[in-house]
Structure formats: C-alpha cells, structure tokens
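J.: show me the folded form of this:
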Amino acid sequence: MIPAVDWLAKRAWLSPNHVALIDASTERRISYAEWNRRVNRAANALSALGLRKGDILAVLSTNRLEYLDLLFACNKTGVIMQALNVRLAVPELQAMVQEIPPRVLIYSGDLAEKAAALEEAISAMVALDEPIRGAHRRWRELTARASDRPPDPISLSLEDPWVLCYTGGTTGLPKAAILTYGTITWNAVNTVMSWGLRPDDLAILNAPLFHTGGLNVFTTPLVHIGGASVLCTAFEPDQVFDLLEREPVTLLFGVPTMFIRLQQHPRWKQADFSRCRIVISGGAPCPMPVFEHFFEKGVPFKTGYGLTEAGPNNFWLPDEKTRRKPGSVGSPLFHVEVRVTRDGQEVGPGEPGELWIRGPHVIPGYWNRPEETARTLVGGWLRTGDLAMFDEEGDFYIVGRIKEVIISGGENIYPAEVESAMLGHPDVVEAALIGVPDPEWGEVGRAIVVRRSGSTLTAEELMAYLRARLAGYKVPKSIVFVEELPKTGAGKIDKTALRQQYGR
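T.: Residues are numbered from 1 along each chain as shown. Got it, this is the predicted structure:
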C-alpha cells in the first residue's frame, strides 16, 4: 500500500520561499513555508475540536484562505472534508447533512443564516467570522491558541478519502463523490505531465472551492509542482481584467458563462492575455463565438472535459491544433484511458456514443450510494453519461449529455450545436435548448434566450438566422426570451430548472 503524503510539508521543504497564494483582495503573498505553518495551526485546531482520522468536517463557505487551509489541514489529520455547495437552498443542505452527518461544520459569516438552519444535524459549529449563536466557536480563537508545529503523524494511504465533493446532479439529491488521496494525486500528476504546468505558473482561482473545478483543475496540481494561485472570493470580470494587468497570470480556467461575460465586458477589447500560457474552458460545451473572439486576440483558447468523478482533467489539445479543431478536447492525458460505446460495443471514428473513462484518477464510488456506484462504475470503467466521438487523428469531441439529446422525428438534435449557433447572433447573450413534447414529431427543440440589452430581436428573426446555418429539423420550433438563465452551483446553465419551467 503506497502511503499518502503531507502535501504542504513536502512542498515547504522543496520550495519554502516560493509564493503559494496571493489574496486578490489584499495582494498579500503567502509562501509555501508560511502556508504550511498556517495549515499546521489549522490541523491542530481540528484536533482540539476532537476531530480524528475518518471524521467528517463540513465546510459551508465562500472562497477564502481558510478554506484552502482546511483542505490541507484535513490532509495532515485524515479528517474528511465535506464541501457543501453554498448556492443550495436550506432544505437541500439539510437533506445533505442528514444523509452524511458531519461531526463539525465550519461556516463563513455571509452564510451564517444557512448554517444556523443545519444545527440540529451537527454537534459542533465553528464560525470563520462572527458566530450567529453564542455556543458556536470562533475559528480565529482556535487557531490563535494552536501550535504551528506539525501535528502528530498519521497513517494515510492513497485509498483513504480526502474530500466528499458533490456532483451537480440532474435529478434528486446530489451525490457525494469520494475524492481519495489517490484520485487527487493522479489528477495532479496527469495535469502537470500532460498540460505542462511549471513552478512559475500563476492561476486565477475564482471557481468555487466546493466544486472540483475550483479544487482540482489548477489548485492542487499547482501545489504538486510548486506554482501559485491568486485566490478570489468569486468571479468578477473587472477583477479578472485587473489581475491580468497587475499579476503575471499564466493560467486561466472558467466555465463558458464566465468567458462569455468577459467578452461582453467593455474592457475586453483592451485586455491583454499575452502572458497566459493556458486559457481553458470546462464544465459545459463552449460556444464557437467564444473561441473566435480569443483567436482574434491570438490566444490558443481551448476547451477541456472533466467531471467530479474523474479528475476533473482528462484530455489535452496541443496549441497547434486549436484553430484547426475548435471544440475538440483533444486526446486523453498520460494516465487516462477512454472508449466510446454504443449498445455495449465500441464505435469507430465519427460515430457518437457514451464516453467511458478508466484510470487511477477515477473515484472509487459515491458515499453511502452503493447502487448508484454500481450503475456508474462498471468493470473498472466510469460511465460518464456524456456523448462523445473521435476523429481519425484520435482527438475527441464532447457532443452532449445522453439525457439531453432531443430525438425529433427520428433525428438526433444535440443541444450544444444549436446553442453555439444561437450565440453567434450578435443580439444573443445566453441561450439554451431543451426538448418539449410534440404530437407530430415526438419531441422538438425550444430555445430559452437572453437578448442583448436594448435588443428588439424577435423569435422569427432568430429562427431565420438559424435556418441559414442549421438543418431545418435542428432549428427550434419555439423561442422564449427571458431576462437571465438559471445557473447551477458551478456556474453552468441549469437545464433541469429550464425543463421544469419551460419543458411542457
């Protein structure tokens, strides 16, 4: 059995004076040596709360330094972090902590009301800011009394759980994917080796830390290689542009919605991305106009593919292929195997099928969900539920979710293709396509669209625009204009909410 390591203790030995974190709000720089001491105090504070290896610590917080401290304090103590989605409603959070009861919950002040509603299921509550109840402990006081010396060593293996990270989920309660020391380590190894991360890399970290994108696209791989992250409370376009001007940012990750907002911002035209080695989108299919706007700036923008259950990093497209293959996620990373199947058989180039993934970065299952684990993990392979295809060169394309494919009159309509076409219209800010029942065709497409402010674009005009670019059966049969589209906790368009509201 290969032991897991104390990541920050190792990195503090290897590059003690190298900057590990930059607080975007204060511009404070924290070296690996200083961060390791902070995390030692956090680990000793967890021990003072009575937490031991295998105990569950829930964290309900927006992005902040203490969140990252707690992540690596769990590494030093064997405590399992339960990363709660701060955007969920109180009943959803209550169901989650009732299903997996943590021993302690640590919350930030902006989420104190939600935290108070979870008290009945949790024995101890700790506030990162001012407590909402007198009985709640103060994190600052606990860490102020704690030693910055390393806590007592514990035995950890790569099979031990590190984080319970919730999947987005399209139905029912989100599932807690078990991210082990092995899965997080191998994702870091794959990313460093295959994406070419370097110790001088600096990433903007504004994806939520309760999501695998915030934790594992760049954050943990950068600790592995000794790079740095600029920690932001949330995504704000102005802050991104400020950081691009002020800091030597080389890595930028976001979901498509974030890049669309950047490109719609008045500062986009003057923005300089020349120091960025990697600008990559993930989490959802990225519309073609986003690629085109980056290509106009000379940026080899690309899209990746990942999910909570695997990595999340799985593919890489070299810079020299980006303009020739916009939308391709490339080929599998070094220690990743994939196959595309339909009806249990592997398909050939150009044929869509379900994407299956295998490798040491894949989770062992979901916490307390044996049936769903058995359905998702088959013979060592992760069934993603996503449709993919590959070309003659072995580069992959993600077509969409199996459950989102619209079958109209026997023809398959892939929403990502239609959404990309809609977003090519200058008056369309956001767009989503869902299927609705139809007595003649069985199912047809309905577009939910956000227009540019001041636009008078009509449904007929948008349909005419699409007819010139798509086969007739792919053109939505109805269009609904709205002020904004609902988003999931990871910032992606919430198709489930759209189907519930507009799918009749």
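J.: hmm, who's touching the helix or strand containing residue 373?
T.: Applying DSSP states H and E as the criterion places residue 373 in helix 370-376. With C-beta atoms under 8 Å, 6 or more residues apart in numbering as the test, helix 370-376 has contacts from 175, 309, 364, 365, 366, 382, 383. C-betas here are computed from N, CA, C, even on glycine.
J.: and these, which of them are buried?
T.: 175, 309, 365, 366, 382, 383 (16 or more other C-beta atoms under 10 Å).
J.: got a list of what the second one touches?
T.: Shown in contact with residue 309 (C-beta under 8 Å, 6+ apart): 167, 177, 362, 363, 376, 382, 384.
J.: try residue 173
T.: By C-beta under 8 Å, 6+ apart, residue 173 lies in contact with 92, 95, 96, 99.
J.: residue 500 - how many residues pack around it?
T.: Other residues lying near residue 500 total 12 when counted by other C-beta atoms under 10 Å.
J.: cool, and the one 3 residues further on?
T.: For residue 503, the neighbour count with other C-beta under 10 Å is 14.
J.: ok, residue 243 touching residue 249?
T.: Yes. Between residue 243 and residue 249 a contact is recorded at 5.8 Å, counting by C-beta atoms under 8 Å.
J.: common neighbours of the two, please.
T.: Common neighbours of residue 243 and residue 249 (C-beta under 8 Å, 6+ apart) are 204, 230.
J.: quick one: the strands in the stretch 351-500 of the chain, in order.
T.: Using DSSP state E, counting those that start in this stretch, the strands of the stretch 351-500 of the chain run over 353-358, 377-378, 381-390, 396-401, 406-408, 411-413, 428-438, 442-451, 478-481.
J.: can you tell which of those is closest to residue 494?
T.: Nearest to residue 494, of all the strands of the stretch 351-500 of the chain, is strand 428-438, at 8.9 Å by C-beta to C-beta.
J.: and the angle for that closest one with strand 442-451?
T.: Here the directions of strand 428-438 and strand 442-451 differ by 160 degrees (axes from the mean of the first three to the mean of the last three C-alpha atoms, to 10 degrees).
J.: what does strand 428-438 rub up against?
T.: Here strand 428-438 makes contact (C-beta under 8 Å, 6+ apart) with 257, 260, 264, 404, 406-408, 413, 415, 418-419, 422-423, 443-452, 457, 462, 476-478, 484-485, 493, 495, 498-499, 502-504.
J.: just the buried members of the residues you listed?
T.: 257, 260, 404, 406, 408, 413, 415, 418-419, 422-423, 443-451, 457, 462, 476, 485, 493, 495, 498-499, 502.
J.: now the buried ones among the contacts of helix 370-376 in a markdown table, with distance to residue 431 and pLDDT?
T.: Shown next, in a markdown table, are these (distance: C-beta to C-beta, whole Å; pLDDT from 0 to 100):
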| residue | distance to residue 431 | pLDDT |
| --- | --- | --- |
| 175 | 29 | 93 |
| 309 | 28 | 96 |
| 365 | 36 | 97 |
| 366 | 32 | 97 |
| 382 | 30 | 97 |
| 383 | 29 | 96 |
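J.: can I get those residues in TSV including distance to residue 216?
T.: Formatted as TSV, the buried ones among the contacts of helix 370-376 follow (distance: C-beta to C-beta, whole Å):
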residue	distance to residue 216
175	17
309	12
365	18
366	17
382	16
383	21
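J.: find the nearest non-adjacent residue to the residue nearest the centre of the chain, please.
T.: Closest residue to the average C-alpha location of the chain: residue 213 at 2.7 Å, with C-alpha atoms, centre = their mean. Take residue 213 and drop its neighbours on the chain: the residue closest to it by C-beta to C-beta, 6 or more residues apart in numbering is residue 207, 4.4 Å away.
J.: so how many other residues sit close to the one you found?
T.: Other residues near residue 207 come to 28 when the count uses other C-beta under 10 Å.
J.: where exactly do the strands run in the stretch 101-250 of the chain?
T.: Assigned by DSSP E, counting those that start in this stretch, the strands in the stretch 101-250 of the chain fall at 104-107, 124-127, 137-138, 161-166, 176-180, 202-205, 228-231.
J.: counting by contacts, list what the fourth one packs against.
T.: Translated: strand 161-166. With contacts taken as 3 or more C-beta pairs under 8 Å, 6 or more residues apart in numbering; DSSP states H and E, strand 161-166 sits against helix 65-77, strand 80-83, strand 176-180, helix 181-195, helix 212-216.
J.: residues making contact with the fourth one?
T.: Helix 181-195 is contacted by residues 4, 75, 156-160, 162-163, 197, 215-218, 220-221, 223-225, 278, 311-314, 316, 333-336, 359-364 when judged by C-beta under 8 Å, 6+ apart.
J.: ok, the nearest residue to residue 465 once chain neighbours are set aside - contacts?
T.: Excluding its sequence neighbours, the residue lying closest to residue 465 (C-beta to C-beta, 6+ apart) is residue 425, at 5.4 Å. Residues near residue 425 by C-beta under 8 Å, 6+ apart: 457, 462, 465.
J.: distance of residue 425 relative to residue 288?
T.: Distance, residue 425 to residue 288, using C-beta to C-beta, to the nearest Å: 12 Å.
J.: same question for residue 445.
T.: For residue 445, the distance to residue 288 - C-beta to C-beta - is 18 Å.
J.: check residue 136 too.
T.: Taken as C-beta to C-beta, the span from residue 136 to residue 288 is 50 Å.
J.: show me the shaky parts of the stretch 101-250 of the chain.
T.: Scanning the stretch 101-250 of the chain for pLDDT under 70 picks out 168-172.
J.: excluding sequence neighbours, find me the nearest residue to the most far-flung residue of the chain relative to its centre.
T.: Taking C-alpha atoms, centre = their mean, the residue of the chain most remote from its mean C-alpha position is residue 440, at 39.1 Å. Closest residue to residue 440 apart from its sequence neighbours, by C-beta to C-beta, 6+ apart: residue 409 at 7.8 Å.
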